[in-house]
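[1] return a 3D structure for these sequence lines:
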Amino acid sequence: MLTTQQEHELPMFPFTSGAGVATWRAVTLHLGTPYIFIHYAIKQGRDWLSQTTICWRYEDVLGVCRGINNDKKRKILSVFMLVPPSHEHSCRWTFVPIEEILVRKLEGDEDEDHLPIFVTVGGEIFRGLKFAPVDDPASYDELNSLELVFRANFDVS
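    Numbering: from 1, shown residues only. Below is the predicted model of the structure:
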């Protein structure tokens, strides 16, 4: 969850405007929640303006990615997960580059999704609130049957 304070609002910020849109110079991240940073670009004439959206709800991650994927004037540049400290993985916040985001539809309900599965650049699988065991081959076999929502493009040209 992100918390803002009124005194940190930037009224009339030049790059974001519209009903219901506010820009903040500072936010508070709550502990224990992974945050997904979706870095994307928006076509502005001949140029691309880059932005980053921070999500903590998985439904929002899927919505932002799918919305960008369906808009020719936007493209995802990179996705990172900010993983909170845990006893199993690290004792400090860690930025993890994401190579793929996959999701499986819930059976019988076309409008509902399972939690997305994040595959890191290092090949680790993150589902729910933790990393899956790396030695579980069933986890990797399952990935082939899921909907691909994002795949990193490491072509720097």
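[2] residue contacts, the residue nearest the centre of the chain?
    In the chain, the centroid-proximal residue (Cα atoms, centre = their mean) is residue 36; its distance is 3.5 Å. Residues near residue 36 by Cβ atoms under 8 Å, 6 or more residues apart in numbering: 54, 55, 56, 61, 79, 80, 81, 82, 98, 118. Where C-beta positions appear, they are placed from N, C-alpha and C, glycine not excepted.
[3] repeat the analysis, applying 7 Å as the threshold.
    Neighbouring residues of residue 36 by Cβ atoms under 7 Å, 6 or more residues apart in numbering: 55, 61, 79, 81.
[4] closest to residue 147 out of the residues you listed?
    Nearest to residue 147 among those is residue 61, at 13.4 Å by Cβ to Cβ.
[5] and the helix or strand hosting that closest one, what other elements does it pack with?
    Using DSSP states H and E, residue 61 sits in helix 58-69. Applying 3 or more Cβ pairs under 7 Å, 6 or more residues apart in numbering; DSSP states H and E, we find helix 58-69 packed against strand 35-44, strand 47-55, strand 74-83, strand 147-151.
[6] in that helix, what's buried?
    For helix 58-69, the neighbour count (16 or more other Cβ atoms under 10 Å) marks 58, 61, 62, 64, 65, 68 as buried.
[7] what angle do that helix and strand 74-83 make?
    150 degrees (axes from the mean of the first three to the mean of the last three Cα atoms, to 10 degrees).
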